[in-house]
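Engineer: Generate a structure from the sequence data that follows.
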Amino acid sequence: MDGNEGSGWQPYYQFAVHIIVASLIFVLIALAAVGLGYFVHYLEEKKTSAFIIYTLTFVEYLIFIIDVFLYLLQIIEHSLKTGKKLWKQIIS
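Structural biologist: Predicted coordinates for the structure are as follows:
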């Protein structure tokens, strides 16, 4: 192993940091969707227009679905990158 590559634990550390950060971002965006859901229920109680309720509910679901999709992409991307780095360590 070349001295510039760092320790053997570096890929694991980078993977853990990326997963933790991605998870925190996922939770923050999911909380925004949940908050929008509570807001929609509040508007329903106030007898707001059905069109507004349906539109905001659609946006709530869309936010959450996109959030889950992008979170899964991040997990897959970082898993592949970490696997590639570990494979390079094994064969070098």
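
Engineer: ok, now which ones touch the most centrally placed residue in the chain?
Structural biologist: Nearest residue to the geometric centre of the chain (CA atoms, centre = their mean): Y71, 2.9 Å. Y71 is in contact with A22, S23, I25, F26, counting by CB atoms under 8 Å, 6 or more residues apart in numbering. For the C-beta atoms, the positions are set from N, CA and C on the backbone; glycine is no exception.

Engineer: max-length helix in the protein?
Structural biologist: Longest helix in the chain, counting residues (DSSP state H): helix 50-91.

Engineer: So what's the gap between it and the chain middle?
Structural biologist: 5 Å (CA atoms, centre = their mean, to the nearest Å).

Engineer: Any regions of this structure where pLDDT drops low?
Structural biologist: Applying pLDDT under 70 to the chain picks out residues 1-6.

Engineer: quick one on the thing from earlier: and the furthest pair within the contacts of Y71?
Structural biologist: Greatest spatial distance among these (CB to CB): S23 and I25, at 7.3 Å.

Engineer: Which elements pack onto the helix or strand hosting A33?
Structural biologist: Applying DSSP states H and E as the criterion places A33 in helix 10-45. Helix 10-45 sits against helix 50-91, with contacts defined as 3 or more CB pairs under 8 Å, 6 or more residues apart in numbering; DSSP states H and E.

Engineer: what angle separates the helix it packs on from helix 10-45?
Structural biologist: Put simply, helix 50-91 runs at 170 degrees to helix 10-45, going by axes from the mean of the first three to the mean of the last three CA atoms, to 10 degrees.

Engineer: wait, doesn't P11 sit right on K88?
Structural biologist: No. Counting by CB atoms under 8 Å, P11 does not reach K88; the two are 9.1 Å apart.

Engineer: okay, these two: which has more neighbours?
Structural biologist: P11 (20 against 12; other CB atoms under 10 Å).

Engineer: OK, contacts around the more buried one?
Structural biologist: Neighbours of P11 in contact, by CB under 8 Å, 6+ apart: T82, K85, L86, Q89.

Engineer: count of neighbours near the closest residue to it other than its chain neighbours?
Structural biologist: The shortest distance from P11 to any non-neighbouring residue, by CB to CB, 6 or more residues apart in numbering, is to K85 (4.2 Å). By the criterion of other CB under 10 Å, K85 has 16 neighbours.
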